[in-house]
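>>> Here is a sequence with its predicted model. Questions after.
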Amino acid sequence: MWRISADAPLGKFVDPDEAPPPDTLAPQERFEPGWRQSSFDLAYGLEVREAGDTVPGDLLDELDELFKRPEQ
């Protein structure tokens with residue numbers, strides 16, 4: 001039998017005679033911030049930082065040449 005679980009999210013083969021189904025585990029509740037976090041961000045502001053270019057322009061020019069389409 002193929003079973004997907006928290007221990008094996010991609011699934012694994014399980015012998016049904018050896019392993020009981022994991023029905024004894026209670027589902028875990030997930031907390032997602034949703035509207036509360038959004039309202040907090042709007043009320044108190046959000047810190048935004050802009051990062052500069054990390055790739056020098058010379059290197060970008062070389063990459064443009066490397067991946068240029070061949071002329072027909």
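Cool, the structure landed. Note that the coordinates shown come from a computational prediction; the quantities given were computed from them, not determined experimentally. Numbering: from 1, shown residues only.
>>> tell me the contacts of residue 12?
The neighbours of residue 12, taking CB atoms under 8 Å, 6 or more residues apart in numbering as the test, are 2, 3, 5. For every residue, glycine as well, the C-beta is placed using N, CA and C.
>>> mind running it again at 10 Å?
Residue 12 sits next to 1, 2, 3, 4, 5 when contact means CB atoms under 10 Å, 6 or more residues apart in numbering.
>>> Of these - the most surrounded one?
Neighbours were tallied for each of those (criterion: other CB atoms under 10 Å), and the maximum of 14 neighbours falls on residue 3.
>>> who's that residue bridged to?
On the basis of DSSP bridges, residue 3 is bridged to residue 12.
>>> Residue 60 sits in which helix or strand?
Secondary structure assigned from DSSP states H and E places residue 60 in helix 57-66.
>>> Mind picking out the helix or strand in this structure with the poorest mean pLDDT?
helix 57-66 (a mean of 80; mean pLDDT, DSSP states H and E).
>>> any low-confidence regions in the chain?
Low-confidence segments of the chain, defined by pLDDT under 70, span residues 19-27, 53, 72.
>>> ranges for the helices of it?
Using DSSP state H, the helices of the chain run over 34-44, 57-66.
>>> Rebuild those as JSON lines, extending it with distance to residue 17.
Output for the helices of the chain, formatted as JSON lines (distance: least, CB to CB, whole Å):
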{"stretch": "helix 34-44", "distance to residue 17": "44"}
{"stretch": "helix 57-66", "distance to residue 17": "57"}
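>>> Now do the contacts for residue 33.
For residue 33, counting by CB under 10 Å, 6+ apart, the contacting residues are 39, 40, 41.
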